[in-house]
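S.K.: got a structure for you, letters missing:
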C-alpha cells in the first residue's frame, strides 16, 4: 500500500479476485467473455487491432461497472503471488492469493496478445522486478 501525499488517501494493487470481479462487471455482470462484451473488438486492444502499441484508456466500450480496458491494452499487476495450484486450494470467498512466491499475477492480456489471453479469465505472471511497455496497473482506494 502507499499513501498519496497529494490526496492523503491510501491505495494498493487489487487482489486477483478483486480484479476479476471488477473485470466481470461485479453484481451487474452479464457473463461476457471479455470485460463488457463477447466481441473483443468492442472492448479491447489486442494483436489484431492495436497496431502494435498501447492506447489511451477509454477509447473502447466500458464494462457493466463503467470500467475501461479491463481486457487487453496492457497486462495489469495484481498484488497476489502467482501459483499454478492456488485455485485448487484457495478459499471460495475473497481469496487473497499465495502468501509467497517468485512471480506476481498479471491480468487482462495486452496489445500484442490474441483473444484467448484477453478473456476475463486470462492470467499470466512475471517477476516483480519486470518492467515492460505492455504492463501497467490500476489501484484500489483503501477505505
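M.R.: That came through fine. These figures come from a predicted structure and were not determined experimentally.

S.K.: For the rest of this, base every contact and every neighbour count on C-alpha atoms.
M.R.: Fine.

S.K.: Return the longest strand in the protein, judged by number of residues.
M.R.: In the chain, taking DSSP state E as the definition, the longest strand is strand 75-81.

S.K.: and it, average pLDDT?
M.R.: Strand 75-81 shows a mean pLDDT of 96.

S.K.: So which bits of it are buried?
M.R.: Neighbour-count burial for strand 75-81 flags 75, 76, 77, 78, 79, 80, 81 (criterion: 16 or more other Cα atoms under 10 Å).

S.K.: Return the closest of those with respect to residue 3.
M.R.: residue 79 (16.3 Å; Cα to Cα).

S.K.: quick one, helices of this protein?
M.R.: For the chain, helices defined by DSSP state H occupy the ranges 16-24, 40-43, 86-89, 115-118.

S.K.: rank those by pLDDT, which is bottom?
M.R.: Among the helices of the chain, helix 86-89 scores lowest, at a mean of 74.

S.K.: List of residues touching that one?
M.R.: With contact meaning Cα atoms under 8 Å, 6 or more residues apart in numbering, helix 86-89 is reached by 97, 98.

S.K.: so what's residue 72 closest to, chain neighbours aside?
M.R.: Leaving aside its sequence neighbours, residue 72 sits nearest to residue 110 (Cα to Cα, 6 or more residues apart in numbering; 4.2 Å).

S.K.: residues contacting the most centrally placed residue in the chain?
M.R.: When Cα atoms, centre = their mean is applied to the chain, the residue found nearest the centroid is residue 107 (3.7 Å). Neighbour list for residue 107: 16, 19, 75, 76, 77, 78, 120, 122, 123, 124 [criterion: Cα under 8 Å, 6+ apart].

S.K.: Specify the beta-bridge partners of it.
M.R.: Judged by DSSP bridges, the bridge partners of residue 107 are residue 76, residue 123.

S.K.: So of the buried residues of strand 75-81, which two are at opposite extremes in space?
M.R.: Largest pairwise distance in the buried residues of strand 75-81, by Cα to Cα, is 15.2 Å, between 75 and 81.

S.K.: mind listing what's buried in the lowest-mean-pLDDT helix or strand in the chain?
M.R.: Ranked by mean pLDDT, DSSP states H and E, the weakest helix or strand in the chain is helix 86-89, scoring a mean of 74. By 16+ other Cα under 10 Å, helix 86-89 has no buried positions at all.
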